[in-house]
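> what follows is a predicted protein model with its sequence.
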Amino acid sequence: MDAQPLSNAIQIHADHRTSTQSRLWLGFLASTLSAAVGRNGYYIASAWTVVAAGYGGAGVATLLATVSLVEFVVSPLAGLAADRFDRQRLNIAADLGRFAVLLTTACTLLYLDTFLTLCVSAALFSICDRVALTASQAMIPLMTQAAELASTSSTVFFTMQSGSLGAALLAGSLLGGRSPALTFMVLALLFLVSAGSLSWMRPGRLPQGVRTAKGLLPNMDRHQLRLFAAYALLYGSAVLVTVIGSSFVLEEQQGTAADFGYLEAAWSAGSVIGAAVLVRLTRAISGPILHLMLLASTALALMSLITLWAPWTLIVFATLGFLYNLGRVSIEVTLQSRMPDNVLGRAKGVMHSLAVALGLVIFSIAGVIGESVCPSTIFFGFGVVLLISIPALSIGIAQRKDEP
């Protein structure tokens with residue numbers, strides 16, 4: 001007589017748990033998508049507004065340098081905050097900060113100098129943005145089981161990359177013949193949507209120890225440092241494409257603005273595919289081996305640009321986007337599976353800070369030699385650097401296999 005009521009109680013509990021997980025997941029994906037459209041739309045609109053105001057490529061370069069310097073300093077601090085405070089509430093606070101920055105930017109552009117306004121805006125936005133991204137990505141292991149970490153992360157990054165494509169379409173339509181202030185106001189609303197989606201989620205239960213994180217830097221062994229180095233090198237390849245991609249198309253390839261748009265679209269399309277195929281590859285290849293293969297493939301793709309012309313170069317840039325995002329997601333999954341949750345935020349912060357440091361070095365070198373050396377030669381040189389780095393990184397893998 002008691003078996004049926006007990007069975008019903010178990011079923012009700014299971015249904016409630018499934019409903020709660022679905023609510024968490026849907027809220028998180030909605031937040032991820034709206035924030036991705038907002039943040040990428042912000043950077044597109046900022047670069048366009050700087051150029052339209054007459055400051056040219058040098059103005060955009062200064063804007064990117066400002067963002068990179070702020071991220072370099074803030075990333076470890078954002079990681080510490082993600083380990084010490086509730087990540088969901090921290091993400092909501094950062095979204096509201098991004099909303100406030102964009103709304104203030106829109107109002108200020110009507111009265112003050114465009115370039116100074118956007119440089120200050122980019123610095124403030126980067127602080128909130130880095131906190132939001134670190135907290136958001138550190139929430140992923142809290143919402144899934146270890147066995148599903150790869151598929152969950154792949155879905156999240158696929159959503160982010162889809163948001164990037166949406167941002168290009170939205171920003172392009174908003175900027176055409178309209179005031180930049182209106183564009184920033186519309187983009188600001190997306191961060192309200194993101195904060196609302198996170199608020200709709202029921203607060204997750206923080207693992208024990210997250211609130212007791214101590215120290216700015218987590219304890220790291222050589223295997224984690226190898227992982228950070230692989231991430232930095234892949235990040236560097238993306239920075240290189242961002243910094244000299246336009247010069248490669250417009251000057252060396254004698255292309256047009258439309259051709260550069262095709263390049264950006266090819267990179268984004270490759271990135272979307274890269275995020276989607278991670279799960280299949282991780283079942284067949286271990287993470288460390290996959291990272292080395294991706295670095296080698298990226299090196300060969302970069303080096304091939306010295307001999308190719310459009311439309312073959314579009315295939316190469318699509319391949320580079322594919323390799324970058326596949327490697328980025330794979331490294332994130334590896335880090336999430338190896339690092340304790342109470343240091344995950346700081347580990348992500350340090351990893352990104354090191355990557356940005358390499359990006360700043362690349363940015364500086366490209367700025368110094370960019371006028372005297374062809375962009376394809378710079379691509380080729382960085383490809384050689386990647387190939388040289390692979391044997392050094394493979395030592396860590398060999399040593400790990402020898403360990404009992």
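Sure thing, it's come through. Numbers count the residues shown, from 1 in each chain.
> the helix or strand containing N342: what's the following helix or strand?
Using DSSP states H and E, N342 falls within helix 341-369. Per DSSP H and E, the first helix or strand lying C-terminal to helix 341-369 is helix 375-402.
> average pLDDT for that next one?
Averaging pLDDT along helix 375-402 yields 78.
> in terms of secondary structure, what does it contact?
helix 222-247, helix 287-304, helix 341-369 (3 or more CB pairs under 8 Å, 6 or more residues apart in numbering; DSSP states H and E). No exception for glycine: its C-beta is placed from N, CA and C like everyone else's.
> same list (these) but as JSON lines, adding mean pLDDT, distance to A94 and mean neighbour count.
Shown next, in JSON lines, are the helices and strands packed on helix 375-402 (pLDDT from 0 to 100; distance: least, CB to CB, whole Å; neighbours: other CB atoms under 10 Å):
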{"stretch": "helix 222-247", "mean pLDDT": "83", "distance to A94": "21", "mean neighbour count": "21"}
{"stretch": "helix 287-304", "mean pLDDT": "88", "distance to A94": "29", "mean neighbour count": "20"}
{"stretch": "helix 341-369", "mean pLDDT": "81", "distance to A94": "13", "mean neighbour count": "21"}
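> ok, which of the ones you listed comes nearest S268?
Closest approach to S268 among the helices and strands packed on helix 375-402 (CB to CB): helix 222-247, 11.4 Å.
> give me the helices and strands touching the helix or strand that comes right after that closest one, please.
Sequence-wise, the next helix or strand downstream of helix 222-247 (DSSP H and E) is helix 257-276. Contacts defined by 3+ CB pairs under 8 Å, 6+ apart place helix 257-276 against helix 149-175, helix 222-247, helix 312-338.
> mind checking which of these is nearest S126?
The nearest among the helices and strands packed on helix 257-276, by CB to CB, is helix 222-247 at 15.0 Å.
> distance from the chain centre to that closest one, please.
Offset of helix 222-247 from its chain centre (CA atoms, centre = their mean, to the nearest Å): 12 Å.
> could you do stretch 365-374 as well?
Worked out by CA atoms, centre = their mean, stretch 365-374 lies 26 Å from the chain centre.
> other residues contacting that stretch?
A61, L240, V243, I244, S247, E252, I378 (CB atoms under 8 Å, 6 or more residues apart in numbering).
> how about a cut-off of 7 Å?
A61, V243, I244, S247, E252, I378 (CB atoms under 7 Å, 6 or more residues apart in numbering).
> let's have those residues in JSON lines, adding distance to L102.
Listed next are the contacts of stretch 365-374 as JSON lines, based on distance: CB to CB, whole Å:
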{"residue": "A61", "distance to L102": "22"}
{"residue": "V243", "distance to L102": "25"}
{"residue": "I244", "distance to L102": "29"}
{"residue": "S247", "distance to L102": "30"}
{"residue": "E252", "distance to L102": "36"}
{"residue": "I378", "distance to L102": "34"}
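> farthest pair in these?
So for those, where distance means CB to CB, the most widely separated pair is A61 and E252, at 18.1 Å.
> over to M339: give its phi and psi.
phi -90, psi 140 (degrees, to the nearest 10).
> which non-adjacent residue is nearest it?
Spatially, and ignoring its direct neighbours in sequence, M339 is nearest to A347 (4.8 Å; CB to CB, 6 or more residues apart in numbering).
> right, and the one you found touches D341 too?
No: with contacts counted by CB atoms under 7 Å, A347 stays clear of D341, the gap being 10.3 Å.
> could I get the helices and strands packed on helix 257-276 as a markdown table with distance to V193?
Below are the helices and strands packed on helix 257-276 laid out as a markdown table (distance: least, CB to CB, whole Å):
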| stretch | distance to V193 |
| --- | --- |
| helix 149-175 | 12 |
| helix 222-247 | 27 |
| helix 312-338 | 24 |
